[in-house]
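Chemist: Sequence below, structure please.
(chains A, B, C and D)
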2 protein chains.
Amino acid sequence: MSEEQPDMPELKIESGSGTEARVEPLQLGKRLRQIRQNQNLTLEEASQKTGLARSTLSKIENEQISPTFTAVQKLAHGLDVDIPQLFAKPKSSMASGRRVLTRAGEGTAHPTSTYEHELLSTDLARKKMIPFKTRVRARDFEDFSDWVRHEGEEFLLVLEGEVALYTEFYEPIALLPGDSMYYDANMGHGLVSLSEEDALVLWVVAR
Amino acid sequence: MSEEQPDMPELKIESGSGTEARVEPLQLGKRLRQIRQNQNLTLEEASQKTGLARSTLSKIENEQISPTFTAVQKLAHGLDVDIPQLFAKPKSSMASGRRVLTRAGEGTAHPTSTYEHELLSTDLARKKMIPFKTRVRARDFEDFSDWVRHEGEEFLLVLEGEVALYTEFYEPIALLPGDSMYYDANMGHGLVSLSEEDALVLWVVAR
DNA sequence: CAACAAAATTTCCTATAGGAAATTTTTGTA
DNA sequence: TACAAAAATTTCCTATAGGAAATTTTGTTG
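Modeler: Below you'll find the predicted structure:
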């Protein structure tokens, strides 16, 4: 399996200075400043977008005041971030500043009776998405004992061949290379190849 | 753009009764009252748990005042709900039991100077992943004014051509069709085509 | 339907958030 | 360096959130 180690740059100065108390400081100010700066906005511009005064924004960012909820709403709306996202821990589940490579064909094989999965990016734990390429051996809906069903959402892109996606509640649908689907994975689903050959698809699951 | 209508399974009763006003009312007051009552707490008890005055709680629940962020923190902590959860729409992200199709080439075009994005599954709002196919026009790292950087994680699969992925902290890496990468999108990143032709890649972003 | 108790709301202050304008700091350029 | 322009911060008010206590509402029992 492939992996990489950086040649060690400073990984993260991690904004905040010193020691952060354990739970829930939730540096709203720092957070907002990051968001604003990522969008390349001055306080003045942000002020116009949000309807809050420059001074107010400054004080919020410097944690001199605790914004009211209505202020937070204006902020979120004006800067186009949704509120849960605003308060979610900034860290993504995966350690910051990492990446993994999987060369073609070098994923982790995971065969079943109907599919031949090749899991990608397996070196990375706790990631939000699970990507895998799948060779579809199933030729018939009867090949399934039952629907596949699990938490989360699923994105599907056909790479080669012709397939039919069966899902609960809907008619099966034929897909050609380049076609893609996005669906709720809680809804039963299954894939079959419509041609003589096995089909090849990319799947990405978000939990 | 492609879309589908099922032959009518119960699509969504859409949880909440009554009429929900369109955007962003986010009935914080109602929400809090629900939470408190679900825990069988009187205002007095909630007051003790949160450290906020009865009267304040009452006013917040009745939307007579807009709580400060510190008040919201006390509430969340005292009633043991986390803040993102507090603000998250109660219902699951995508309406249950739905799927959307995007035929090859039928995505939503979104060109920039260096890329030609084709957004997929755009008919589906509030999904966890954002998939798009991108034609990479950039030939040179200099084509970027700066790193692209945003919340979330990113999965990349090369479909055609040869590309180099530039990321902060790491050496650029050359990728061929079938190769894939998974990385933290907070880390600056950018993609260039290494061949004469534009390259084609699939990107999936999870926020 | 009184009469009471428990809970919720309102009142009436004090403390603090929000806005306009003045001041200071930063940034870029000669 | 020095200076000008832009950006950020601070000051100084006004508006509004937060708390203690009074008032009203709700719900229960004889």
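
Chemist: Show me the strands in chain A, by range?
Modeler: A:99-102, A:108-111, A:115-119, A:129-136, A:153-160, A:163-167, A:173-175, A:180-184, A:189-193, A:199-206 (DSSP state E).

Chemist: So for A:Gly105, what's the nearest residue that isn't a sequence neighbour?
Modeler: B:Gly178 (6.6 Å; Cβ to Cβ, 6 or more residues apart in numbering or on different chains). (Each C-beta comes from the backbone N, C-alpha and C, glycine too.)

Chemist: ok, now which ones touch that neighbour?
Modeler: Applying Cβ atoms under 8 Å, 6 or more residues apart in numbering or on different chains, we find B:Gly178 in contact with A:Arg103, A:Ala104, A:Gly105, B:Leu157, B:Val158.

Chemist: Tell me the confidence at it?
Modeler: We have a pLDDT of 92 for B:Gly178.

Chemist: Distance of it relative to A:Lys133?
Modeler: Separation of B:Gly178 from A:Lys133 (Cβ to Cβ, to the nearest Å): 8 Å.

Chemist: before we move on, back to that, in a markdown table, list the strands of chain A along with mean neighbour count and distance to B:Glu116.
Modeler: Shown next, in a markdown table, are the strands of chain A (neighbours: other Cβ atoms under 10 Å in any protein chain shown; distance: least, Cβ to Cβ, whole Å):
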| stretch | mean neighbour count | distance to B:Glu116 |
| --- | --- | --- |
| strand A:99-102 | 23 | 24 |
| strand A:108-111 | 12 | 32 |
| strand A:115-119 | 19 | 28 |
| strand A:129-136 | 22 | 22 |
| strand A:153-160 | 22 | 17 |
| strand A:163-167 | 22 | 26 |
| strand A:173-175 | 17 | 23 |
| strand A:180-184 | 25 | 17 |
| strand A:189-193 | 22 | 29 |
| strand A:199-206 | 22 | 20 |
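
Chemist: For chain A, give me the ranges with low pLDDT.
Modeler: A:1-26, A:38, A:85, A:88-98, A:125-126, A:143-146 (pLDDT under 70).

Chemist: Kindly recompute the last result at 50.
Modeler: Within chain A, the stretches with pLDDT under 50 are A:1-25, A:90-93, A:95-97.

Chemist: near DNA strand D, which residues of it show up?
Modeler: Contact residues, chain A versus DNA strand D (Cβ under 7 Å from any atom of the strand): A:Thr42, A:Leu43, A:Glu44, A:Arg54, A:Ser55, A:Ser58, A:Lys59, A:Glu61, A:Asn62, A:Gln64, A:Thr68, A:Thr70.

Chemist: again, 10 Å this time
Modeler: Within chain A, the positions lying close to DNA strand D (Cβ under 10 Å from any atom of the strand) are A:29, A:33, A:36-37, A:40-47, A:53-62, A:64-71.

Chemist: filter those down to the ones near chain B?
Modeler: Checking the residues of chain A next to DNA strand D against chain B by Cβ under 8 Å from any Cβ of the partner chain, the ones in range are A:Ser66, A:Pro67, A:Thr68, A:Phe69, A:Thr70, A:Ala71.

Chemist: how near is the last one to DNA strand C?
Modeler: So that's A:Ala71. 3 Å (Cβ to the nearest atom of the strand, to the nearest Å).

Chemist: Just the buried ones from the residues of chain A next to DNA strand D?
Modeler: If you count burial by 16 or more other Cβ atoms under 10 Å in any protein chain shown, the buried members of these come out as A:29, A:33, A:36, A:41, A:43, A:46-47, A:56-61, A:65-69, A:71.

Chemist: closest to A:Val163 among the ones next to chain B among the residues of chain A next to DNA strand D?
Modeler: A:Phe69 (48.3 Å; Cβ to Cβ).

Chemist: what about the helices in chain A?
Modeler: Secondary structure of chain A (DSSP state H): helices at A:28-38, A:43-50, A:54-61, A:69-79, A:83-87.
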